[in-house]
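J.: structure, please.
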Amino acid sequence: MTNFVVKTLANAAALAVAIWLVAGITLDEGGDNTGTRVLTLILVALVFGLVNFIVKPVVKLLSLPLFILTLGLFTLVVNALMLLLTSWLAKQFDLSFHVEGFWTAIIGGLIISVVSWAVNLALPDKS
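T.: Just a heads-up that it's a prediction; the model follows:
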């Protein structure tokens, strides 16, 4: 359970950095209430974690030839698609997270991957 919380917080931190750095990734909430924004960010991180846990392995398996052909660079495309799917699901759940387009998702996916890796490296991995 601790590992789940740590990974969710790492995802939330990575998403926050992407929102901060990339103009096309937004987290709009009606007011400036910090608590509401943090709760929305954590809920989006949960959706993002579920997308990465359930959908990403299937997509990676089905696109294995493209991973081999591009020497792994297709990972950027898959990460962008997972971010766009998270944006779409957030809209369905009435969360105020939005990713503007594919190229924005590519940049955001790259930032999220790097920040998530760094945060997970810094935090202890407990099961």
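J.: which ones are touching the residue of the chain positioned farthest from its centre?
T.: Most distant residue from the mean C-alpha position of the chain: Leu69, 25.0 Å away (C-alpha atoms, centre = their mean). Residues counted as contacts of Leu69 (C-beta atoms under 8 Å, 6 or more residues apart in numbering): none. All C-beta spots, glycine's among them, are computed from the backbone N, C-alpha and C.
J.: and it, how far from Leu41?
T.: Remark: distance between Leu69 and Leu41 (C-beta to C-beta, to the nearest Å) = 36 Å.
J.: low-confidence stretches in this protein?
T.: In the predicted model, the chain carries pLDDT under 70 at residues 1, 29-32, 124-127.
J.: which helix runs longest in it?
T.: With secondary structure taken from DSSP state H, the chain has its longest helix at helix 34-62.
J.: quick one: the strands in this protein?
T.: For the chain, applying DSSP state E gives strands covering 25-27, 97-99.
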